[in-house]
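# pasting the structure only:
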C-alpha cells in the first residue's frame, strides 16, 4: 500500500538538505533533522523487504539500486579530479589508486581532491546507508527479539564514545560515529514498519520524546560549536534530536493522502522520490556551480532581498539539469524503462509507484501482521547534514 506521506517526508528532507547546504542556516537542523528522517524511512523500507524476500536478495537489490548512480558520478568526477591536479595535492585525501576502490564499493568514504570537495563531501551518507543495509539482515532479527532495547543501543554507544574518547584508525572512525549517530533512527524505521511505533501509547511516547529533546538541548547548550545552535556540529545532540523527531513524524500520520489535491506538489514529490539518489549525489556540485553561473550572467553581486532567492532558484535549476543528464542511471539500476523527467506515476509499475534506492516506503496498515514486542580528548566528527 502506498504511503504518500512518507514520500512527502523524504522529499522534504532532501529539500532541507539542499537549502541547508546552500545557506547554512543552523535553525534548519532543528526544524527538520533531514538525515535522521531519511535513515528512518530507509530502515522501514529495508525491514519491509526483509519480510518479503531472502536477506541476500534484499541486500543485492538495495546495492544494485544504490551503486550505479555513484559509479556514474565517479566515472565523471575522478578523471576530472586527477586532471585537475589531485596527484600533486597533499590534502585530506592524498591520491592513492587503491582507495579508488571505495568509489566502487563505498565501505569507507570515496576519496577525492581538495578542489573536488563538493563532489565527495556528501558521500558519507552513501557509505553509512551501505553499512546499514549490509547489517540489516543481522539487526532485523535482533530487533524482533529485543525491540526498543535495540533502538537504545546506538545512543548508549555514542555516550560511551563521548565519555571514553575511543577512536578507530583512519576512515573507520567516522563510519563508527555515523553508525552511532543515526543507528537509532534506522532501527526506529524497523519499529515503524512492524507496528511497534504505532502501538506506543501517546502517554508513554510523548515523555520519551520530551526527554530526548531536552537531552539534545543540553548537549547543544554545553557543547555548542562555532555555528551555535546547529545539531549537525554535535553528534550526540544530532542522535537525540533526530530520534525524537523521527518518533513523532512516523507515529502520527495523516489519514488522507497529503498531496492528492495538489497536482504540482504531487509531481514534485514523485520526481524527488524517483530521483532521490541523483539529487543527493549532484546537488552539492550544483550549489558549487551557482556563483560561477551567476557571474556569467552578471547576477553574482545581487544584494538585498533578491540575492537568496536567485541563488536558490539557480541551485534548483542546476540540480534539475543533473536529474535530466544523469537520472537515467537510477532507472537502469532499478531495471525500469528510462525516463527523463519521472514526475508522473510510471504506468508500468503496479499502482504507479515511484521508486529509488532511497525511495518510497510501502507501509503496512498499523497492526497488520505486527509482531508484539518481547519482553573528550579525541576530536569527534560532526554529524553531517
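Yes, it's here. Keep in mind the model is a prediction, meaning the values are calculated, not measured.

# Helix or strand: which one has residue 313?
For residue 313, the host element (DSSP states H and E) is helix 307-326.

# Kindly report the same for residue 279.
helix 276-296.

# and that helix, what other elements does it pack with?
Under the contact definition 3 or more C-beta pairs under 8 Å, 6 or more residues apart in numbering; DSSP states H and E, helix 276-296 sits against helix 4-23, helix 55-83, helix 117-120, helix 307-326, helix 328-333. (C-beta placed from N, C-alpha, C; glycine too.)

# which of the residues in it are buried?
276-290, 294 (16 or more other C-beta atoms under 10 Å).

# tally of neighbours for the closest residue in space to residue 299 that isn't next to it in sequence?
Distances taken as C-beta to C-beta, 6 or more residues apart in numbering place residue 310 nearest to residue 299, at 6.1 Å, with adjacent residues excluded. The local packing of residue 310 (other C-beta atoms under 10 Å) involves 15 other residues.

# which ones are touching residue 310?
Contact analysis of residue 310 by C-beta atoms under 8 Å, 6 or more residues apart in numbering lists 294, 299, 302.

# burial of the second one, as a residue count?
Read it as residue 299. 15.

# What separation do you get for it and residue 293?
9 Å (C-beta to C-beta, to the nearest Å).

# Identify the contacts common to those two.
In contact with both residue 299 and residue 293: no residue, using C-beta under 8 Å, 6+ apart.

# And the pLDDT for whatever residue is furthest in space from the centre of the chain?
Distance from the C-alpha centroid of the chain peaks at residue 298, with 34.6 Å (C-alpha atoms, centre = their mean). Here the pLDDT value assigned to residue 298 is 85.

# secondary structure class for it?
Of the three states, residue 298 takes coil under DSSP: H, G, I helix; E, B strand; the rest coil.

# Next, it: phi, psi?
phi 60, psi 40 (degrees, to the nearest 10).

# how close does it sit to residue 99?
Residue 298 is 41 Å from residue 99, where distance means C-beta to C-beta.

# one step back: okay, the angle between the helix holding residue 279 and helix 55-83?
20 degrees (axes from the mean of the first three to the mean of the last three C-alpha atoms, to 10 degrees).

# who touches helix 276-296?
10, 14, 17-18, 21-22, 65-66, 69-70, 73, 118-119, 121-123, 125-126, 272, 300, 302, 310-311, 314-315, 318-319, 321-323, 326-327, 329-330, 356-359.

# In contact with residue 55, which residues?
Contacts of residue 55 by C-beta under 8 Å, 6+ apart are 136-137.

# any idea how far residue 44 is from it?
16 Å.

# Same question for residue 154.
For residue 154 relative to residue 44 (C-beta to C-beta), the value is 16 Å.

# more crowded one of the two?
A direct count of neighbours by other C-beta under 10 Å for residue 154 and residue 44 places residue 44 higher, at 26 against 20.

# Kindly provide the distance from the more buried one to residue 330.
In terms of C-beta to C-beta, residue 44 sits 20 Å off from residue 330.

# same deal with residue 13?
Taking C-beta to C-beta as the measure, residue 13 falls 18 Å from residue 330.

# between those two, who's got more neighbours?
A count of neighbours by other C-beta under 10 Å puts residue 330 above the other of residue 13 and residue 330, at 29 against 23.

# just checking, that one touches residue 71?
No. If you go by C-beta atoms under 8 Å, residue 330 and residue 71 don't touch, sitting 11.9 Å apart.

# and the angle for the helix holding residue 279 with helix 4-23?
Using the same axes, to 10 degrees: helix 276-296 against helix 4-23 is 30 degrees.

# so how far is helix 276-296 from its chain's centroid?
18 Å (C-alpha atoms, centre = their mean, to the nearest Å).

# How about stretch 297-314?
28 Å.

# likewise stretch 10-28?
12 Å.

# now the helices and strands packed on helix 276-296 as CSV including mean pLDDT and distance to residue 204?
Output for these, formatted as CSV (pLDDT from 0 to 100; distance: least, C-beta to C-beta, whole Å):
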stretch, mean pLDDT, distance to residue 204
helix 4-23, 97, 23
helix 55-83, 97, 31
helix 117-120, 97, 43
helix 307-326, 97, 41
helix 328-333, 96, 40
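
# Of the ones you listed, which is nearest residue 248?
helix 4-23 (11.4 Å; C-beta to C-beta).

# Now the helix or strand that that closest one is followed by: average pLDDT?
Next in sequence after helix 4-23, counting helices and strands by DSSP H and E, comes helix 27-31. Helix 27-31 shows a mean pLDDT of 95.

# helices and strands around helix 27-31, which ones?
When contacts are defined as 3+ C-beta pairs under 8 Å, 6+ apart, helix 27-31 packs onto helix 4-23.

# Now the helix it packs on: buried residues?
For helix 4-23, using 16+ other C-beta under 10 Å, the buried residues are 4-22.

# Surely residue 84 and residue 112 touch.
No. The criterion here is C-beta under 8 Å, and residue 84 misses it with residue 112 at 10.3 Å.

# Of these two, give the one with the bigger neighbour count.
Higher neighbour count among residue 84 and residue 112: residue 112, with 26 against 15, using other C-beta under 10 Å.

# quick one: the helices in the stretch 51-200 of the chain?
55-83, 117-120, 124-146, 148-164, 172-194, 196-199 (DSSP state H, counting those that start in this stretch).

# among those, which is nearest residue 242?
With C-beta to C-beta as the criterion, residue 242 lies closest to helix 172-194 of the helices of the stretch 51-200 of the chain, at 5.3 Å.

# can you give me the angle the closest one makes with helix 124-146?
Using the same axes, to 10 degrees: helix 172-194 against helix 124-146 is 50 degrees.
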